[in-house]
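1. Output the structure for:
(one chain, ligands or ions: 1)
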Amino acid sequence: MSVNITFLGGTGTVTGSKYLVQHDGKKLLVDCGLFQGFKQLRLRNWNPMPIEAADVDSVLLTHAHLDHSGYLPLLYRQGYRGHVHATPATCDLCAILLPDSGHIQEEDAAFVNRHGYTKHEPAMPLYGKHDALQSLQLLKPEREGISFSPLPGWKATFSHAGHILGAASILLEVADRRILFSGDLGRPDDLVMKAPDLPPDADTVLIESTYGNREHPKEDVLAELAPALKRVAARGGVAVVPVFAVGRAQALLHAIALLKERGEIPHGLPIFLDSPMAVHTTELLPRHPEAHRLDAKALNVLKHIATMVETPEQSKALAKHHGPMVILSASGMATGGRVLHHLAHYLPDHRNMVILTGYQAPGTRGATLASGSGVVRIHGQDVAVQAEVVQLQSSSAHADAVQLVDWLGHMKTKPDQVYVVHGEPEASDALRQRIERELKLRAVVPEHGSTWPC
Ligand SMILES: [Zn+2]
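-> The predicted model follows:
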């Protein structure tokens, strides 16, 4: 009986990761992510899945980012009641991220309805906070390095992927086939996260390709961040930093702490962390010391480096402060969240600055800003972009092309088949070519919705 895999997301895009593995009538889903970015991608979230949610037998998550976990509340609402296996830190992070995702979608729908700029009345959220809270009951923590059985006769093992807290690669073993899902792979030289584990041997590999056509610059994030922050501080401006609440927020705070300690930026430069999720994520770091490089002293500095902004009222009150100051706020690609209010407020002034910190998926406001556009649409209004836009090239939470090929090259025996996923088309194809050329492996970039043997 063969094993096959259907690519329900995360192909031709970095979002919507959903890989359906089928064998002998059983259906297991690896990742359960939301599509983000371009509207035609986001609309896919509303399309029914090609299988009934209740017919899925088990779910595994590589990590908690919404493009890998954010569909879970919908899967639950559609009738899925099986387990969702994930590392303990991923379970903790889902408990923060998923209810917030439901809340943001309710808020966005309510905002659209209040301001009447929807073509479809009334706007509905994809799911709400209540659905998200319900779906958390399905989470089942599994430790890295300890195999478990998601279904009778199936075996799965998480290993450290180094991308964010709890991020894992997954080795799935069924019917004498070993299928390795890289998940999102971190970089070996990250300031906060430990390097990814070397890959175990497998017959089939799915490898991510976010940076499949790019190499990170040699200079580190500190060397890139210091002059930008010095510049904005000198002109009394405000730096708005859209951050992924989980991952880049902590990495940026740690980098700012190091720069202050070294005297490379003014010690008194006020820093605000305006994201309750980021605050809660920062608090999780001491609970998972095995996953990161920060010792007790560094964690303590991290806790006190920024003023934590909790309530929406405190967030809005930030607009009354004068620069210089730095506001870190979610979301990282400016697709939603509190950062939108800050951008709308600070973008029209040339003294201010936007610092983009991670991958900006096409179609997001972050990508619009990165492209140098003079205007960006926020809450139905055109906002003039007068502020300086800085895109950090060195703060990514993903391995680059060289690091991805290097990771794959560490497998002791060659896999039969490599599927290149989780990338824009040009990035995935560039990585496919490199893998074929440099590692002499068979690699394909599967089409969205297609089914392949494992
Ligand atoms: Zn991720």
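2. Could you use CA atoms for every contact and neighbour count after this?
-> Noted.
3. just the helices in the stretch 51-200 of the chain please.
-> Counting by DSSP state H, counting those that start in this stretch, the stretch 51-200 of the chain has helices at residues 66-69, 72-77, 88-115, 129-135.
4. Just give me the lowest mean pLDDT stretch among those.
-> Confidence, taken as mean pLDDT, is least for helix 88-115 of those (a mean of 89).
5. Which of the residues in it are classified as buried?
-> Within helix 88-115, the residues that count as buried by 16 or more other Cα atoms under 10 Å are 88-110, 112-113.
6. how deep is Glu261 tucked in, by neighbour count?
-> If you count neighbours by other Cα atoms under 10 Å, Glu261 ends up with 12.
7. give the contact list for it.
-> If a contact means Cα atoms under 8 Å, 6 or more residues apart in numbering, then Glu261 has His267 as its contacts.
8. Show the model's pLDDT score for it.
-> Looking at Glu261, the pLDDT reads 95.
9. For the remainder of this discussion, apply numbering that starts at 11.
-> Renumbered: residue one is now 11, and that last one reads Glu271.
10. if I pick Val430, what's in contact with it?
-> By Cα under 8 Å, 6+ apart, the neighbours of Val430 are 216-219, 438-439, 441-442, 453-456.
11. what do you get if the cut-off is 6 Å, keeping everything else the same?
-> By Cα atoms under 6 Å, 6 or more residues apart in numbering, the contact set of Val430 is 216-217, 438, 455.
12. Just the ones of those in helices?
-> Applying DSSP state H to the contacts of Val430, the entries found in helices are Ser438.
13. Next, give me the two most distant ones among the contacts of Val430.
-> Using Cα to Cα, the contacts of Val430 span at most 11.5 Å, a distance reached by Leu216 and Ser438.
14. Looking at these two, which one has more neighbours?
-> Taking other Cα under 10 Å, Leu216 and Ser438 do not tie; Ser438 has more neighbours (30 against 23).
15. At which residues are the strands of the stretch 261-410 of the chain located?
-> Ranges of strands in the stretch 261-410 of the chain, per DSSP state E, counting those that start in this stretch, are 281-284, 317-318, 335-339, 363-366, 385-388, 391-394, 398-401.
16. returning to what we had before: which one of the contacts of Val430 is nearest to Val202?
-> Ile217 (22.6 Å).
17. What pLDDT is listed against that closest one?
-> So, for Ile217, pLDDT stands at 98.
18. ditto for the one 10 residues further on
-> Residue-level confidence at Pro227 comes out at 86, pLDDT.
19. ok, now Glu131?
-> Note for Glu131: predicted pLDDT of 68.
20. Among the contacts of Val430, which are located in strands?
-> Counting by DSSP state E, those place 216-217 in strands.
21. from the contacts of Val430, which is closest to Tyr356?
-> For the contacts of Val430, the residue nearest Tyr356 by Cα to Cα is Ser438; the value is 35.7 Å.
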